[in-house]
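1. Predicted model and sequence follow; I will ask about them next.
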Amino acid sequence: MKGNNGHNANLTQMPCTAGSLLLLLVKQPRQQHSQPWCQVPKSAKCETRVRHDYHRLLSGYTMSRRQTLGALSPNQLNGRSSLAPGKNGQGKDARQSLKPSGTGRPSIAPRPLERPSNIGVDRRSSAFGKTGAAKADPRALTDKNFQASCIRTIIAYASTHGYPYALSPKVLTSPTGKDFTQLAFWLFQRFDPTLKTFGKVEDEVPLFFKRFNYPFQLSKSALFAVGSPHSWPAVLAALAWLVELLNYDEKSGDAAAEQFDEKQRSERQFFAYASTAYRHFLAGDDNKAQAADDEMLGQFKERQTTLLKSNQILKESAEAVAAELQDLRRQPSPLAAAQAAKHEVLADQRKFQEVIAGNQAQRASLQKKLEERHADLEAKKAALAAVRADNEALAARIAGQALSKTDVNRMVAERQKQKGLLEGVVAQHDALQKRLYQAEVQLEQCLNGLEERLRQYHAACHRLGLLPASAKRAAGVAYDITLHRTANTQAELVSGDIKGVVRPGLLSLRERYRLRGRELAEDGLVLAEQLDAAHEANQERQEELASLRRQVASAEERQRGLKEALEADIATIGGQADKIKGEVACLRNAMLSRLLDAEDKLR
């Protein structure tokens, strides 16, 4: 006992109260041992575990505020477990009684009931009051809608949690004894996975509901004929209450896990580790204590590895985003190129339209003049025909009459006059033909220039992906324009509705690219914000990593200090032991000398 508790005598002599534990924690800060628990002196283990146990008591890990004491015996309530070895060779068994029983998921079922006691009767949960008399169930047990709701609740829980037997509304409407036993045993196992056997239904089921403080009484007679119409509604409501309790347990556990951040979760894990190691220490199981230490150390290493990997991933992501942003900044803006090409196409289009409008106006004017000249020519031809008819008539008249010299002179003069008029008409016709030729040459030149503009327009449309109509950016709009040289009117000169289709389509395309450019600018801003956020997160991770490293360095420094203190204490205790051994040897020699003197005197 001296070897285990001599290191810190004030720990063993101080009364085990909350005030003494708090005083101990104030005097000596929390320490962590990097050595395995089996190698650290048991006094240091006890001190550290008492400190962790006090924090665990402050955190409310030991007992719920509303937990009933009805499941504890008077001996368990009024006594405390001794940590010292018992008499008559019972020390080992006393230490082994604190070991956790069973493996797998921790049981949330209540402990088996001890003998009835005054404490168990008076200290039932205040949520349901005392059990002096049977409490009436206020629920509408005989209501079909209520029963259907209970059946749906049970089936939904069973179907989502792997119920191994067939379960349907028909089975839960009027179940057999076997169906009820299977369902009740499965639900009880959801509370206590260590439950392997099941006794009589009429005995076990009421006892189990009583342990869970079910506020209403389940009679054994109702469980003898569980599927009967008069007894089944109450049992069905009790099963639905049990399922709701299971659902609440799952959701409350999820909510408790979600409301803590990473730091709080790590502290909870550390407190759980401390309590587990404390239990193993009290049980004297150093192997399990070492396993708990190794598991906690592995969790710390895994968390450090996870943080390093997350930091590396964030750094790579930030670098990739920065490289992508740099590439986007280096590349020429497609919006600017598209806008420049668009302005060029619009300028060419305006020029084409102006040239076409001028050519059409000039052609209309020439066409009108040509028609006028044709009308004049027809009139001249008609006049010529009339003159010829008159000449023929006059020739017939002359042939029928005798001509005089005066008549001949008059006819010659008239002929000279008509010849002069004919020469003037021919000269005017030649001038008109020359002007018509010049107009046709000019029209041909205009048509050639228009064709060249159309060729440039089509090339630009192909570059922009607007031709043909099935192209990517055409959106089904026909931007193709064809020139007809043989057209007689302005509407027939080009194929395609320029004002109704081509121009609105190009304007819509310009507006779409303008919006796209605005979206790209906004996306660039969002990417820049994300990059800043990634830099900030990376900086936070770096700071957290630096904090963890400082904590590790501080823990190592504290461990070294504790080790040096322990070594000094051990050296001091060794010196005291050697001194005591010397004193004992001196006393023994003195006693021997006195004994020899006494024997000599007796002789």
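-> That came through, no problem.

2. Burial check on the residue lying closest to residue 176 once chain neighbours are set aside, number of neighbours?
-> The spatial neighbour of residue 176 that comes closest, neighbours along the chain excluded (C-beta to C-beta, 6 or more residues apart in numbering), is residue 227 at 6.0 Å. C-betas here are computed from N, CA, C, even on glycine. Residues within reach of residue 227, counting by other C-beta atoms under 10 Å, total 16.

3. And residue 227, how far from residue 330?
-> Distance, residue 227 to residue 330, by C-beta to C-beta, to the nearest Å: 79 Å.

4. do the same with residue 514
-> 23 Å.

5. out of those two, which sits in the more crowded spot?
-> residue 514 (14 against 7).

6. so that one, which of the three states?
-> Of the three states, residue 514 takes helix under DSSP: H, G, I helix; E, B strand; the rest coil.

7. separation between it and residue 526?
-> Taking C-beta to C-beta, one finds residue 514 at 19 Å from residue 526.

8. Please name the residues that touch residue 288.
-> Residues counted as contacts of residue 288 (C-beta atoms under 8 Å, 6 or more residues apart in numbering) are residue 280.

9. Could the C-alpha coordinates of stretch 561-568 be exported in PDB?
-> Taking C-alpha atoms only, stretch 561-568 is exported to PDB below (Å, rounded to 0.1, in the frame of the first residue of the first chain):
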ATOM      1  CA  GLY A 561       8.100  18.000 -15.800                       C
ATOM      2  CA  LEU A 562       5.900  15.300 -14.300                       C
ATOM      3  CA  LYS A 563       8.400  12.600 -15.100                       C
ATOM      4  CA  GLU A 564      11.200  14.700 -13.400                       C
ATOM      5  CA  ALA A 565       9.000  15.300 -10.400                       C
ATOM      6  CA  LEU A 566       8.100  11.600 -10.200                       C
ATOM      7  CA  GLU A 567      11.800  10.600 -10.400                       C
ATOM      8  CA  ALA A 568      12.600  13.200  -7.700                       C
END
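
10. Quick one: the helices in the stretch 401-550 of the chain, in order.
-> Secondary structure of the stretch 401-550 of the chain, counting by DSSP state H, counting those that start in this stretch: helices at 405-464, 503-602.

11. Of all the ones you listed, which one is nearest residue 204?
-> helix 503-602 (50.7 Å; C-beta to C-beta).

12. For the closest one, name the packing helices and strands.
-> helix 286-330, helix 334-399 (3 or more C-beta pairs under 8 Å, 6 or more residues apart in numbering; DSSP states H and E).

13. Serialize these to JSON lines and add fields for distance to residue 535 and mean pLDDT.
-> Compiled in JSON lines, the helices and strands packed on helix 503-602 are given as follows (distance: least, C-beta to C-beta, whole Å; pLDDT from 0 to 100):
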{"stretch": "helix 286-330", "distance to residue 535": "6", "mean pLDDT": "89"}
{"stretch": "helix 334-399", "distance to residue 535": "28", "mean pLDDT": "88"}
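
14. Adding distance to residue 601, write those out as TSV.
-> Shown next, in TSV, are these (distance: least, C-beta to C-beta, whole Å):
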stretch	distance to residue 601
helix 286-330	56
helix 334-399	124
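
15. Relative to residue 268, which of the ones you listed is closest?
-> helix 286-330 (12.0 Å).

16. Tell me the spacing between the residue nearest to residue 456 when sequence neighbours are not counted and residue 354.
-> Ranked by C-beta to C-beta, 6+ apart and with sequence neighbours excluded, the top spatial neighbour of residue 456 is residue 348, at 6.2 Å. Applying C-beta to C-beta, the value for residue 348 to residue 354 is 11 Å.

17. Repeat that for residue 218.
-> From residue 218 to residue 354 the distance is 99 Å (C-beta to C-beta).

18. Between the two, which has more neighbouring residues?
-> It is residue 218, of residue 218 and residue 354, that has more neighbours when counted by other C-beta under 10 Å, with 20 against 10.

19. Report the contact partners of the more buried one.
-> 205-206, 209, 234-235, 238.

20. Phi, psi for it please.
-> Phi and psi for residue 218, reported as degrees, to the nearest 10, are phi -110, psi 120.

21. Report how many residues lie close to the residue nearest to it when sequence neighbours are not counted.
-> In space, and not counting its chain neighbours, residue 218 is closest to residue 206: 4.7 Å by C-beta to C-beta, 6+ apart. Residue 206 has 18 neighbours, counted by other C-beta under 10 Å.

22. Residue 222 is in contact with residue 206, correct?
-> No. If you go by C-beta atoms under 8 Å, residue 206 and residue 222 don't touch, sitting 9.3 Å apart.

23. Residue 148 is in what secondary structure piece?
-> helix 144-160 (DSSP states H and E).

24. any idea of the mean pLDDT in that helix?
-> Helix 144-160 comes out with an average pLDDT of 93.

25. ok, residues contacting the helix or strand following that helix?
-> Next helix or strand after helix 144-160 toward the C-terminus (DSSP H and E): helix 169-173. By C-beta under 8 Å, 6+ apart, the surrounding residues in contact with helix 169-173 are 147-148, 151-152, 154-155, 179, 236.

26. Give the buried residues for helix 169-173.
-> 171-172 (16 or more other C-beta atoms under 10 Å).

27. From residue 195, how far out is residue 419?
-> In terms of C-beta to C-beta, residue 419 sits 140 Å off from residue 195.

28. More neighbours: the two, which one.
-> residue 195 (15 against 10).

29. Number of residues surrounding residue 350?
-> Quick note: residue 350 (other C-beta under 10 Å) scores 10 neighbours.

30. now the one 3 residues further on
-> If you count neighbours by other C-beta under 10 Å, residue 353 ends up with 14.

31. likewise residue 554?
-> Neighbour count for residue 554, taken as other C-beta under 10 Å: 11.

32. pLDDT wise, what is it at?
-> Taking residue 554 on its own, its pLDDT is 90.

33. shift numbering so it begins at 285
-> New numbering, starting at 285: the last item is residue 838.

34. ok, so what distance separates it from residue 831?
-> Look at residue 838 and residue 831: by C-beta to C-beta, they are 10 Å apart.
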